[in-house]
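Trainee: I need the structure of the sequence given here:
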Amino acid sequence: MKFNKLFLSIAITIGVCVSSQNAFSQTTEIAVVDSTSKKENRLKFGFGFGLSFVGGTNISLAPNLIYAVSNKVSIGGGIQGSYTSIKDLQNTTTFGANVITQYRPIRQLTTLLEFAELKVNTKTETPTGKVTDDYWDSALFVGVGWNINEKISIGAKYNLLYKEDESVYTSPILPFVNITF
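Mentor: Reported below is the predicted structural model:
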């Protein structure tokens, strides 16, 4: 008799719990994920390059990694290198690193704030011979780019720290093209 009462109590308790689960529990929605949908990757590899012929030739390459904090804000960093030449006067090679913050107020427009620290090697032709110089140069850029699509952006950036006689850049304004993968 005790066995039957215990068995009956357990059965009733399980039955009440199972039948009243929806009445006393929190509502849970189950999201159905389409296996064909592509999940957006927040970490993107980018490759920037610049080309300028203002006052000479400036070619720069800058691979970077960018992390999308949100749909509008991205942060990242990268390495960069450039070659600058003023015909028959000076050749400069730079290598360094940069950190970048991007803000997209609208889908077609990207604004940026970028800080770069560069190791500069310069060779200058003078009447007395070649003069070489090694030093570090800092650049703080603000810029804007037009997003042609989700992967390609073109624009220009302005170096706030530009000094005509001291900066490695031939101009404070540098055009850029950035491609992300």
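
Trainee: looking at the protein, which helix or strand is least sure?
Mentor: Confidence across the helices and strands of the chain bottoms out at helix 21-24, with a mean of 40, counting by mean pLDDT, DSSP states H and E.

Trainee: now the element after that helix, going C-ward?
Mentor: The C-terminal neighbour of helix 21-24 among helices and strands, as given by DSSP states H and E, is strand 43-52.

Trainee: quick one: contacts for Tyr83?
Mentor: Contacts of Tyr83 were listed using CB atoms under 8 Å, 6 or more residues apart in numbering, and they are 57-60, 91-94. C-beta here means a position set from N, CA and C on the backbone, and glycine is covered the same way.

Trainee: can you pull out the low-pLDDT segments for the protein?
Mentor: Along the chain, the model assigns pLDDT under 70 to residues 1-40.

Trainee: if we go to 90?
Mentor: For the chain, the stretches with pLDDT under 90 are 1-42, 46-62, 82-92, 122, 124-130, 150-151, 164-171, 174-181.

Trainee: and the strands in it?
Mentor: Assignment of strands within the chain using DSSP state E yields the ranges 43-52, 57-68, 73-86, 90-106, 109-126, 129-147, 152-159, 173-180.

Trainee: pull up the pairing partners for the second one, direction included.
Mentor: Sheet pairing for strand 57-68, assigned by DSSP bridges, gives strand 43-52 (antiparallel), strand 73-86 (antiparallel).

Trainee: quick one: buried ones out of the contacts of Tyr83?
Mentor: The neighbour-count test (16 or more other CB atoms under 10 Å) marks 58, 60, 91-94 as buried among the contacts of Tyr83.

Trainee: format these as JSON lines; extra columns: distance to Phe45.
Mentor: Formatted as JSON lines, the buried ones among the contacts of Tyr83 follow (distance: CB to CB, whole Å):
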{"residue": "Asn58", "distance to Phe45": "24"}
{"residue": "Ser60", "distance to Phe45": "17"}
{"residue": "Asn91", "distance to Phe45": "30"}
{"residue": "Thr92", "distance to Phe45": "27"}
{"residue": "Thr93", "distance to Phe45": "24"}
{"residue": "Thr94", "distance to Phe45": "22"}
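
Trainee: between the residues you listed, which is closest to Phe47?
Mentor: Each of the buried ones among the contacts of Tyr83 was scored against Phe47 by CB to CB, and Ser60 proved nearest at 11.3 Å.

Trainee: can you pull the contacts of the residue lying closest to the closest one once chain neighbours are set aside?
Mentor: Spatial nearest neighbour of Ser60, chain neighbours left out: Ser82 (3.7 Å); criterion: CB to CB, 6 or more residues apart in numbering. Taking CB under 8 Å, 6+ apart as the criterion, Ser82 is in contact with 50, 58-61, 92-94, 118, 168.

Trainee: how about the contacts of Tyr83 in TSV, adding distance to Gly76?
Mentor: Rendered in TSV, the data for these read as follows (distance: CB to CB, whole Å):
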residue	distance to Gly76
Thr57	27
Asn58	23
Ile59	22
Ser60	17
Asn91	30
Thr92	26
Thr93	24
Thr94	20
